[in-house]
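J.: Have a look at this prediction, sequence included:
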Amino acid sequence: MINEIKNACLKAFESGEVGYIIGWQATRFADKTTPLFMRSAEDVEKLVWNKYCVNSTAKYALEDKYPEKKIGIILRGCDSRAVARMISDKQLKRENLYLIGVVCDGKEDPICATCSHKTPVIYDVLIGQPTTEEISPERFAEVEKIAAMTPDERYNYWAVQYDKCIRCYACRNVCPACNCVECYADQYRTGWQGKAHNRAENQVYGLTRAYHVGDRCIECGQCERVCPMNLPIMSQTRKMLKDINDLFGPTECGLTIEEAPVLGEYDLNDREEFM
Amino acid sequence: MLLPKEKLSEALGALAAEANVIAPVKWEGDVFFMPYKGGDVCLEGNGKLPPKDVLFPKTEKMYSYSIAKGTMTEHNDAAATILFGVRSCDAASIERLDKVFLEQGYKDGFYSAKREGLAVIAMGCDKPMATCFCTSMGIDPMKAEVADVQMCPVEGGFTVEAVTEKGKEIVKKWDSLLDKKSKAKPAKVECSLNINVPEDFEKKLMDMFESPIWDDVTKACLGCACCTYVCPTCYCFDINQDVHGDEGTAFRCWDSCMFSDYTRMAGGHNPRPSKKERLRNRYLHKLAYYKDRHGKYLCVGCGRCIANCPAHLDITAFAEKAMEVE
């Protein structure tokens, strides 16, 4: 499969339309890869494809909103949904991207266990045989586990999590739905987000982020993967998604490039018994 | 002298009866330096976070005021603390922080009050992790820089050596627990991750400020603050206030040079506008600026930034690339 991906990269460079391609490269550690930015055909030999390709490749495109040539991105299923997310959110333009989709074989990370889209949902070229996709029965298992706690147990559970949180903002920075030009937490002298490192301020951040991305979360799990303190961050956005599923029917985000956020659009047929 | 393995809890218990003891313990699936409340300590690995918040808390109150009452109260709580189980990397970080907070012509009152009351029981490290490279940074895994007591793991227990007067007081309390005839000596330890840092590397880096290498080595960075918050030697802080009507409390808290507001000026200009300038500053501070000023690297090779970086960036890989630059 690696040869097919490399060939697709070489072809993309040959076409002259693509400026650089984002993939993965080896590090000195056998169990870690790091994002690779290939600028020409010579760089393609550095590309790797193995079970340790866990980093998301899509979000780096946000750093280059007006590229001279197309940005090439090697996409797994989750990366393709990240691209769809950012195009739907009007942060990326489809015509600026050259998408090399690869059917994912599952990576060495717990976040991949509940993956429901190993085949990329958008691409210019697809490598690998599309798989039959089904939603994991475990999708909301963690949410249900937390929902089954008593209010006190649940409070204590999250209290411990946010005592651990160091507010490094890795979850925000890796998240394709966190694509605000300036995050509320970085705004100067607005007082939205206090700077103190304590449970209360950490929880303000966690809740704000969960609500802000909950109806646009593509369930890639990168937030949990990057968290140095191992907080179960995806269970928050999945709680939002579970409620949305219960209230509005089956919903998955980031499957098309013209998707309005569930809580950001109004439909005459929406339930409104609360009115 | 040897402290048998099975006597370790008793030895720590004896100290904890009289002082605040901070030791590496298992909590929530990881190892953290926390108040010792009896039971087992965990000496595997070097801990998720360094023990730096014993001296430099994530958040600490500085003073409170009330305009109505016309009062101002200074806060500076420091209790005598014994820090147990510190590996050489983290011990070296305390020496680096001392230079910053105590020896630059101004003595930081909050830091010094805690530092004066601190005793360090260092633990030699016989199992460096895959990401450890302290030996490349000139640190001996079996001999810690600011240790009051140096312990080292050996067959059946730990060697114990009182290094300072403070350390002798501690070892006195263990008198009945120690095997004084033991001649056990710790083995020499090398990290598996080695980089051959050349002499005057900092001078070379200082001349590389405008090098094209920075675009390349910072491209994969996510711009989060993970590396700075897990780092034992990162010491940046911000001062802020909690204001309620005419009363308020000023506090200082950890800050990170990786954040956009870190260098943002009053008029909105930011001299470090992107992650390229921010990560360059971080790498140069660790490997060049501090060495130029104080003669030692500000990186102690604990490897936490490598182990925890979401993008799997590696400061040793950067150093090797920088060495190759003509």
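T.: Cool, got the structure.

J.: If you count neighbours, what's buried in the helix or strand hosting B:Gly13?
T.: Here B:Gly13 sits within helix B:8-16, counting by DSSP states H and E. Across helix B:8-16, burial judged by 16 or more other CB atoms under 10 Å in any protein chain shown covers B:Leu8, B:Ala11, B:Leu12, B:Ala14, B:Leu15, B:Ala16. From N, CA and C alone the C-beta is placed, and that goes for glycine too.

J.: TSV for those, including distance to B:Cys221 and pLDDT?
T.: As requested, the buried residues of helix B:8-16 are exported to TSV (distance: CB to CB, whole Å; pLDDT from 0 to 100):
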residue	distance to B:Cys221	pLDDT
B:Leu8	41	96
B:Ala11	44	96
B:Leu12	40	97
B:Ala14	47	95
B:Leu15	42	96
B:Ala16	42	95
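
J.: Contacts for the helix holding B:Gly13 next, please.
T.: For helix B:8-16, the surrounding residues in contact (CB atoms under 8 Å, 6 or more residues apart in numbering or on different chains) are B:3, B:21, B:23, B:36-41, B:82, B:84, B:157-158, B:170, B:173-174, B:177.

J.: got a list of what the residue of chain B positioned farthest from its centre touches?
T.: Most distant residue from the mean C-alpha position of chain B: B:Ala68, 41.1 Å away (CA atoms, centre = their mean). Neighbour list for B:Ala68: B:Asp246, B:Glu247 [criterion: CB under 8 Å, 6+ apart].

J.: B:Lys143 too?
T.: B:Ser88, B:Gly124, B:Gln150.

J.: coming back round to it: how much distance is there from the helix holding B:Gly13 to the middle of the chain?
T.: 24 Å (CA atoms, centre = their mean, to the nearest Å).

J.: and after that helix, which helix or strand comes next?
T.: Sequence-wise, the next helix or strand downstream of helix B:8-16 (DSSP H and E) is strand B:20-27.

J.: relative orientation of the helix holding B:Gly13 and strand B:20-27 in degrees?
T.: Helix B:8-16 and strand B:20-27 are oriented at 140 degrees to each other (axes from the mean of the first three to the mean of the last three CA atoms, to 10 degrees).

J.: Could the C-alpha coordinates of helix B:8-16 be exported in CSV?
T.: Below are the C-alpha coordinates for helix B:8-16, written out as CSV (Å, rounded to 0.1, in the frame of the first residue of the first chain):
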residue,chain,number,x,y,z
LEU,B,8,11.2,2.0,52.5
SER,B,9,7.6,2.7,53.6
GLU,B,10,8.7,2.7,57.2
ALA,B,11,11.5,5.2,56.4
LEU,B,12,9.1,7.5,54.6
GLY,B,13,6.5,7.1,57.3
ALA,B,14,9.1,8.3,59.9
LEU,B,15,9.7,11.5,57.8
ALA,B,16,6.0,12.1,57.1
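
J.: For B:Gly109, state which of the contacts of B:Lys143 is nearest.
T.: B:Ser88 (28.3 Å; CB to CB).

J.: For the closest one, which non-adjacent residue is closest in space?
T.: Counting by CB to CB, 6 or more residues apart in numbering or on different chains, B:Ala144 is the residue found nearest to B:Ser88 once chain neighbours are left out, at 4.4 Å.

J.: I figured B:Met62 was touching B:Gly248, is that so?
T.: No - using CB atoms under 8 Å, B:Met62 is not in contact with B:Gly248; the gap is 11.0 Å.

J.: Chain A versus B:Arg87, what's the distance?
T.: Using CB to the nearest CB, to the nearest Å, we find B:Arg87 at a distance of 19 Å from chain A.

J.: Can you report how many residues neighbour that residue?
T.: 29 (other CB atoms under 10 Å in any protein chain shown).

J.: Just give the nearest non-adjacent residue to it, would you?
T.: Nearest to B:Arg87 is B:Cys125, by CB to CB, 6+ apart, at 4.5 Å.

J.: Surely the one you found touches B:Pro141?
T.: Yes - counting by CB under 8 Å, B:Cys125 touches B:Pro141, with 4.2 Å between them.

J.: what sits against B:Cys152?
T.: Taking CB under 8 Å, 6+ apart, one finds B:Met123, B:Gly124, B:Asp126, B:Met142, B:Phe158, B:Thr159, B:Pro186 in contact with B:Cys152.

J.: quick one: the spatially closest residue to it that is not a sequence neighbour and B:Ala147, what's the gap?
T.: Closest residue to B:Cys152 apart from its sequence neighbours, by CB to CB, 6+ apart: B:Gly124 at 3.2 Å. With the distance defined as CB to CB, to the nearest Å, B:Gly124 ends up 10 Å from B:Ala147.
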